[in-house]
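> Return a 3D structure for these sequence lines:
(4 chains)
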2 protein chains.
Amino acid sequence: MSNNRVSYQEVLENFKALLRSNNLKYTKQRELILEIIYENRGHFTPEDIYNLIKMSYPDIRLGIATVYRTLGLLEDAHIVSSISFGAQGKKYEFGLDDHHDHLVCLKCGGIEEFFDETIEKQQERIAQAHNFKMTKHIMKIMGICSACQGK
Amino acid sequence: MSNNRVSYQEVLENFKALLRSNNLKYTKQRELILEIIYENRGHFTPEDIYNLIKMSYPDIRLGIATVYRTLGLLEDAHIVSSISFGAQGKKYEFGLDDHHDHLVCLKCGGIEEFFDETIEKQQERIAQAHNFKMTKHIMKIMGICSACQGK
DNA sequence: GTTAGTGCAAATCGTTTGCACGGTT
DNA sequence: AACCGTGCAAACGATTTGCACTAAC
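Modelled structure (predicted):
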């Protein structure tokens, strides 16, 4: 599902251009956050990302607030997308919000992704029928994943 | 969508029986919370419910914690169901979780409900294809409702 | 040198919890 | 009388914010 075709160089250049055109500054922290989420494909909490960077780059000064601020930036720019877990916070993943959905395991917390054309089409039909201008949709199927069913 | 066929008397008796069979006590607070959410059909935050009760019954002692505790109870018993809005909390509505989904307006915060057989079926197919034991699913279509599109 | 970004700690917000008191059974 | 439920206030956990300092431009 993730967009593996885009090289990190390309992603980084895009990000730099975006920063430039918004009078924002290019900092080591911002680069590292993007790099970490690009390299370690998967779904991470802001704290996960903070810890990964602290581990990989012990000498870089970094506060959790910067991680939150940068993730907001990256999400607005559609470079990363997030999935919400209510009071338990959000998880972020690299990639544009290409309308894929999630299977969430209630036992292990693991996340599988899927894309289903039938559902996408039907959502558009429903929105139309309600005269609703859809900008986003969320679908989560929760249950027990195959790996956890044996336990 | 809501189950208007069930009378309040019936609902209340069910709730009382449930409490009895779990060695829980029947209190004025618990009754009022159920009553308020039954009477005012719609989607309410715990705070909404707290305020509604405070307004309608100024002489009843009530703490917000009791509202949270009772809503948890009612949700476990499938008497009410909730929809989550991330860090912004949950909204509760009367009625069993009969697998209906929501259209959420990003402008006015309003919620419309819908039920779609095609989507329900497709979700089951997807879960099966991933060997996933589905226990619950969430679907939210977000955008601008018809009323807000003029503004 | 100007402006934006940072870490830190304090603040926020929805929710939960410990506890002594009060109500239900 | 026994036990559960309650309100209150403090605790919580994820996130945001005010601020003085630092780094990018």
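> Can you pull the residues of chain A lying near DNA strand C?
Within reach of DNA strand C by Cβ under 7 Å from any atom of the strand, chain A has these residues: A:19, A:23-25, A:27, A:29-30, A:60-63, A:65-66, A:69-70, A:87. Bear in mind the C-beta positions are built from the backbone N, C-alpha and C, glycine included.
> what's around A:T70, how many residues?
Other residues lying near A:T70 total 21 when counted by other Cβ atoms under 10 Å in any protein chain shown.
> Which pLDDT value belongs to it?
Confidence at A:T70, expressed as pLDDT, is 98.
> can you tell me which of the residues of chain A next to DNA strand C are up against chain B?
Restricting these to those touching chain B (Cβ under 8 Å from any Cβ of the partner chain) yields A:A87.
> Specify which member of the residues of chain A next to DNA strand C is nearest to B:L74.
Each of the residues of chain A next to DNA strand C was checked against B:L74 using Cβ to Cβ; the closest is A:A87, at 18.2 Å.
> Next up, the contacts around the closest one.
B:A87 (Cβ atoms under 8 Å, 6 or more residues apart in numbering or on different chains).
> Look up the closest residue to the residue of chain A found nearest DNA strand D, ignoring the ones flanking it.
DNA strand D sits closest to A:G89 of chain A, with a gap of 2.9 Å, by Cβ to the nearest atom of the strand. Once flanking residues are discounted, A:G89 sits nearest to A:T45: 5.7 Å by Cβ to Cβ, 6 or more residues apart in numbering or on different chains.
> how far away is that neighbour from A:P58?
To A:P58, A:T45 is 20 Å away according to Cβ to Cβ, to the nearest Å.
> Which of the two has more residues huddled nearby?
More neighbours surround A:T45 than the other of A:T45 and A:P58, with 17 against 7 (other Cβ under 10 Å).
> Up against chain B, what does chain A have?
So chain A meets chain B at A:84, A:86-87, A:89-90, A:103, A:105-106, A:112, A:114, A:116, A:118-119, A:122-123, A:126-127, A:130-146, A:149 (Cβ under 8 Å from any Cβ).
> In strands only, show me these.
Members of the residues of chain A next to chain B lying in strands (criterion: DSSP state E): A:84, A:90, A:103, A:105, A:112, A:114, A:133-144.
> which of these count as buried?
The neighbour count (16 or more other Cβ atoms under 10 Å in any protein chain shown) marks A:84, A:90, A:103, A:105, A:112, A:114, A:133-134, A:137-144 as buried among these.
> ok, those vs A:I49, which is closest?
For these, the nearest to A:I49 is A:K90 (11.2 Å; Cβ to Cβ).
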